[in-house]
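Asks: Quick one: sequence and predicted model below, then my questions.
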Amino acid sequence: MVADEITRIKEAEREAMALVAEARSRAEAIIADARSEREAILGRWEAEAREERRRILSDARAAAEGEAEHIRREGAEKAEGVHRRVRKRIPDAAAHVLSRIKGDDGALPR
C-alpha cells in the first residue's frame, strides 16, 4: 500500500515535471517568436524611417533648388537693370570726364 502510494506520487511528479518542461518549451518558443516579430517590426520601422528621411531630404533639396533658381533669376534681372541704366549713362559720364580733362566747369549734362 505505501509502495503503491509512493509509486503514484513518483508518477505524479514525473507528469508534473513533463508538464513543466512542456510549459518551458512553449514559453521559450513564444519568446523566440516575439523576438523575431520585434526584429521584423524594427526592420520595417527602420526602412520606413530611411524612406521618410530620403523623401524629406529630397523635398528640401527640391525646395532649396527652386528658391536658388528664383534668387538667380531675380539677381540676373536686377543686374540687367543696372547694366541698362549704366549703359544709358555712359555717354554722359564720358562727356563729364572729357570736360574735366579739358578743364570745363563740368556740370553733367541732363
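Replies: Nice, thanks for sending it over.
Asks: Tell me the secondary structure at residue 49.
Replies: Assigned with DSSP: H, G, I helix; E, B strand; the rest coil, residue 49 falls in the helix class.
Asks: what does stretch 33-42 rub up against?
Replies: Outside stretch 33-42, not one residue touches it by CB atoms under 8 Å, 6 or more residues apart in numbering. All C-beta atoms are positioned from the backbone trio N, CA, C, and that covers glycine.
Asks: what is the rounded mean pLDDT of it?
Replies: For stretch 33-42, the mean per-residue pLDDT is 97.
Asks: And it, how far out from the chain middle?
Replies: Put simply, stretch 33-42 sits 25 Å off its chain's centre (CA atoms, centre = their mean, to the nearest Å).
Asks: Pull out the buried positions in that stretch.
Replies: Buried positions in stretch 33-42, judged by neighbour count with 16 or more other CB atoms under 10 Å: none.
Asks: Repeat that for stretch 61-81.
Replies: For stretch 61-81, a neighbour-count test (16+ other CB under 10 Å) marks nothing as buried.
Asks: Helices of the protein, residue ranges please.
Replies: For the chain, helices defined by DSSP state H occupy the ranges 2-102.
Asks: The residue most central in space within it: what's it in contact with?
Replies: The residue lying closest to the centre of the chain (CA atoms, centre = their mean) is residue 53, at 3.1 Å. Residue 53 makes no contacts at all, as judged by CB under 8 Å, 6+ apart.
Asks: Test for you: state the pLDDT assigned to it.
Replies: Residue 53 is assigned 98 on the pLDDT scale.
Asks: Likewise for the one 5 residues further on?
Replies: Note on residue 58: pLDDT of 97.
Asks: How many residues are close by it?
Replies: Neighbour count of residue 58, defined by other CB atoms under 10 Å: 10.
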